[in-house]
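K.L.:
Quick check, what structure comes out for this input:
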Amino acid sequence: MKDIRVGQEVRTVPEVQRATPGQNRPAGRSFGKVLQESIQEVNRLQVEADSAIDELAIGQTGSVHETMIAVEKADTSFRLMMQVRNKIIDAYHEIMRMQI
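P.N.:
Next up, the predicted model:
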């Protein structure tokens, strides 16, 4: 699985290479940076959904469909973020249980 879809763009994850002693790994974005950008994207979708709800409530827009689409996008992205968080926490707990 090379492609990860986040929002509207497709980001490619570099192939994992086996590092031999003395060999440098290719430079790329860190996991923390990718995670931070993903959280910012989820936040942006949440703000857009809130704004769409406010516009619908005050009558600025009559499109219930667009409002519901914005809300569902925000909900789906938030649920995905929570699943990723749960997997990270599970991995952390598993590493902490390892005996050295």
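K.L.:
which of the residues in the longest helix along the chain are buried?
P.N.:
When the chain is parsed with DSSP state H, its longest helix is helix 64-97. Buried residues in helix 64-97, counted by 16 or more other C-beta atoms under 10 Å: 67, 70, 71, 73, 74, 77, 81. For the C-beta atoms, the positions are set from N, CA and C on the backbone; glycine is no exception.
K.L.:
per-residue pLDDT, the third one?
P.N.:
Reported pLDDT at residue 71 in the predicted model: 95.
K.L.:
what pLDDT does the residue most central in space within the chain get?
P.N.:
Geometric centre of the chain, nearest residue: residue 38, 3.6 Å, by C-alpha atoms, centre = their mean. Here, the pLDDT recorded for residue 38 equals 92.
K.L.:
shaky segments in the chain?
P.N.:
The chain contains residues with pLDDT under 70 at 1-27.
K.L.:
again, 50 this time
P.N.:
By pLDDT under 50, the weakly predicted segments of the chain are 1-4, 6, 8-17.
K.L.:
What sits closest to residue 56 if chain neighbours are left out?
P.N.:
residue 67 (4.6 Å; C-beta to C-beta, 6 or more residues apart in numbering).
K.L.:
Now do the one you found against residue 40, distance only.
P.N.:
22 Å (C-beta to C-beta, to the nearest Å).
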